[in-house]
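Engineer: fold the following, please.
(one chain, ligands or ions: 1)
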Amino acid sequence: MKNICLNFEKALGVVSKEQILTQEATVNACMDTLHKGNGAGNDFLGWLHLPSSITDAELTEIENTANVLRSKCEVVVAIGIGGSYLGTRAVVEAMNNSFDWLHANDRKNPILLYAGHNIGEDYLYELSEVLKGKQFGIINISKSGTTTEPAIAFRILKKQLEDAVGKEEAKHRIVAITDARKGALRTLADQEGYKTFVIPDNVGGRFSVLTPVGLLPIAVAGVNIRELVAGAVAMEKATDQSVPFAENISAQYAAVRNELYKSGKKVEILCNFHPKLHYIGEWWKQLYGESEGKDGKGIYPAAVDLTTDLHSMGQWIQEGERTIFETVISVEKANHSVVVPTDEANLDGLNFLAGKHVDEVNKMAELGTQLAHVDGGVPNIKVTMPEVSPYYIGQLFYFFEKACGISGYILGVNPFNQPGVEAYKKNMFALLNKPGYEKESEAIKSRL
Ligand SMILES: O=P(O)(O)OC[C@H]1O[C@H](O)[C@H](O)[C@@H](O)[C@@H]1O
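Structural biologist: The predicted structure is shown next:
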């Protein structure tokens, strides 16, 4: 098997290769802090050796539970938000057929739907409607077990499921993934007797895709979780502290993006040329946004799907404020084959493409875009993955996680907390008159 690789040649110019190479000592020191576990947020380092510590027995237990849900349910709703949702969706959207929901008659896998990642009344209404008369199950995922969005969705769907199949059967179709001891979801799951999986204390939400948080729903969707984990294990080795800077792609990526940041490139745009990777971008945004955006610092992580967004965001990227750089996820080969047909009339003038694979056209769009953006003053980092498969997505996850830990330490922040996320929650609870928020309620209402 190959490994994903990194190329930052086209990011040079604004920063020089020498400048990046001089970062080696700093990067090594940050890597050392991470591995010694003596830096900020060191109680959240469980992800560092997570891939290689997953046991066969753990994977089998996850697969067995997934099989129970797969045998009982046409639809499984994964309830969760942020790190309890994005990794799953990233893998499932990348690996499932893009028109999965239309494959109604020859399904091998239940349809995976999502809830608890918004507070949309219409979304929840439409979800409940579509579940009526369907055999469905629920995976309720919340590390803290107290997050409002998933809790509301679970309350609604739990009732619907119990009304449809009875409380006893519902228990066999609900799985909870949460803290070992704390939180409302833990209390509820223990009381109701649901099957549960534990999110380790030392793995934060955005680093949790390779725990049951991601592995269970991904397995329910029919994706091979062993390959996903194997890819992450390979990348854990490839980015280990023992691998020198010159070969260590996580260390290099962390160094390059920080040098670009220091030179005024405040926004990093993760680009894909593969529509099925959209949610990899969403997962990555949370990983870097929550890890680095604090203390008045941090690269703003944005993402675009190309070539789609070249027809909307392309102008800005090419000629807007020069504070951006791009990281492109480049996929070497497509999984299927479609060739542009010949057309005798050639009214669209496309016969010069006849006989070419669509992916060849896409590759030239990618290359053309890279050169155009570099010419326009946008440094370009390229992460190449051989194909879209669970194995290489596993590699990609770990590559970005490892780089994120190092990068956060280079930046001088605690990459493993997210204190800023509480501000909106406090205001929302105050506005909703949550018991215990009386003082805040009074204060906030006086501001309206
Ligand atoms: O898994 P949960 O505890 O429900 O948390 C879900 C998400 O929401 C929180 O507000 C955090 O900002 C995220 O880091 C977390 O992934």
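Engineer: just give the number of residues close to the residue in the stretch 101-250 of the chain that the ligand sits nearest to.
Structural biologist: Among the residues of the stretch 101-250 of the chain, G205 lies closest to the ligand, at 2.7 Å counting by Cβ to the nearest ligand atom. For the C-beta atoms, the positions are set from N, CA and C on the backbone; glycine is no exception. Neighbour count of G205, defined by other Cβ atoms under 10 Å: 26.
Engineer: and the stretch 201-350 of the chain, which residues reach the ligand?
Structural biologist: Counting by Cβ under 6 Å from any ligand atom, the stretch 201-350 of the chain comes close to the ligand at 205-206, 290.
Engineer: 5 Å instead, please
Structural biologist: G205 (Cβ under 5 Å from any ligand atom).
Engineer: what are the ranges of the helices in the stretch 201-350 of the chain?
Structural biologist: 212-220, 225-238, 249-262, 278-292, 314-319 (DSSP state H, counting those that start in this stretch).
Engineer: quick one, what contacts the most centrally placed residue in the chain?
Structural biologist: For the chain, the residue nearest the mean C-alpha position is W283 (2.2 Å; Cα atoms, centre = their mean). Counting by Cβ atoms under 8 Å, 6 or more residues apart in numbering, W283 touches 86-87, 89-90, 209, 397.
Engineer: and the residue in the stretch 301-448 of the chain that the ligand sits nearest to, what does it touch?
Structural biologist: The nearest approach of the stretch 301-448 of the chain to the ligand comes at V421, 3.6 Å away (Cβ to the nearest ligand atom). By Cβ under 8 Å, 6+ apart, the residues touching V421 are E290.
Engineer: what score does it have for pLDDT?
Structural biologist: At V421, the model reports a pLDDT of 94.
Engineer: over to M1?
Structural biologist: pLDDT, M1: 89.
Engineer: how close does it get to E227?
Structural biologist: Going from M1 to E227 by Cβ to Cβ, to the nearest Å gives 10 Å.
Engineer: next: L45.
Structural biologist: With distances taken as Cβ to Cβ, L45 is found 25 Å from E227.
Engineer: and the two? Which one has more around it.
Structural biologist: Using other Cβ under 10 Å, the more surrounded residue of L45 and E227 is L45, with 20 against 17.
Engineer: pretty sure I329 is touching I269, no?
Structural biologist: No: counting by Cβ atoms under 8 Å, I269 is not a contact partner of I329; they are 11.4 Å apart.
Engineer: buried residues, stretch 299-317. List them.
Structural biologist: Residues 299-307, 309-310, 313-314, 317 are the ones in stretch 299-317 that count as buried (16 or more other Cβ atoms under 10 Å).
Engineer: so which residues make contact with stretch 31-47?
Structural biologist: For stretch 31-47, the surrounding residues in contact (Cβ under 8 Å, 6+ apart) are 30, 48, 200-204, 207-208, 210, 241, 251, 401, 405-406, 409, 413-417.
Engineer: in that stretch, what's buried?
Structural biologist: Residues 31, 33-35, 39, 41, 44-47 are the ones in stretch 31-47 that count as buried (16+ other Cβ under 10 Å).
Engineer: repeat that for stretch 352-363.
Structural biologist: The neighbour-count check on stretch 352-363 (16+ other Cβ under 10 Å) flags 353, 357, 359, 362-363 as buried.
Engineer: with pLDDT and distance to K143 as added columns, please give those in a markdown table.
Structural biologist: Shown next, in a markdown table, are those (pLDDT from 0 to 100; distance: Cβ to Cβ, whole Å):
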| residue | pLDDT | distance to K143 |
| --- | --- | --- |
| L353 | 98 | 49 |
| H357 | 98 | 43 |
| D359 | 98 | 39 |
| N362 | 98 | 38 |
| K363 | 98 | 40 |
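Engineer: ok so, going back, so what sits against both of M1 and E227?
Structural biologist: Overlap of the contact sets of M1 and E227 (by Cβ under 8 Å, 6+ apart) consists of Y391.
Engineer: from the contact counts, what lies against the helix or strand containing I406?
Structural biologist: For I406, the host element (DSSP states H and E) is helix 390-411. Judged by 3 or more Cβ pairs under 8 Å, 6 or more residues apart in numbering; DSSP states H and E, helix 390-411 is in contact with helix 24-36, helix 86-95, helix 225-238, helix 249-262, helix 278-292, strand 380-385.
Engineer: got CSV for the ones you listed, with mean pLDDT too?
Structural biologist: CSV is the format used below for the helices and strands packed on helix 390-411 (pLDDT from 0 to 100):
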stretch, mean pLDDT
helix 24-36, 98
helix 86-95, 98
helix 225-238, 98
helix 249-262, 98
helix 278-292, 98
strand 380-385, 98
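Engineer: would you list these in JSON lines and tack on distance to A176?
Structural biologist: Formatted as JSON lines, the helices and strands packed on helix 390-411 follow (distance: least, Cβ to Cβ, whole Å):
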{"stretch": "helix 24-36", "distance to A176": "31"}
{"stretch": "helix 86-95", "distance to A176": "15"}
{"stretch": "helix 225-238", "distance to A176": "19"}
{"stretch": "helix 249-262", "distance to A176": "33"}
{"stretch": "helix 278-292", "distance to A176": "22"}
{"stretch": "strand 380-385", "distance to A176": "33"}
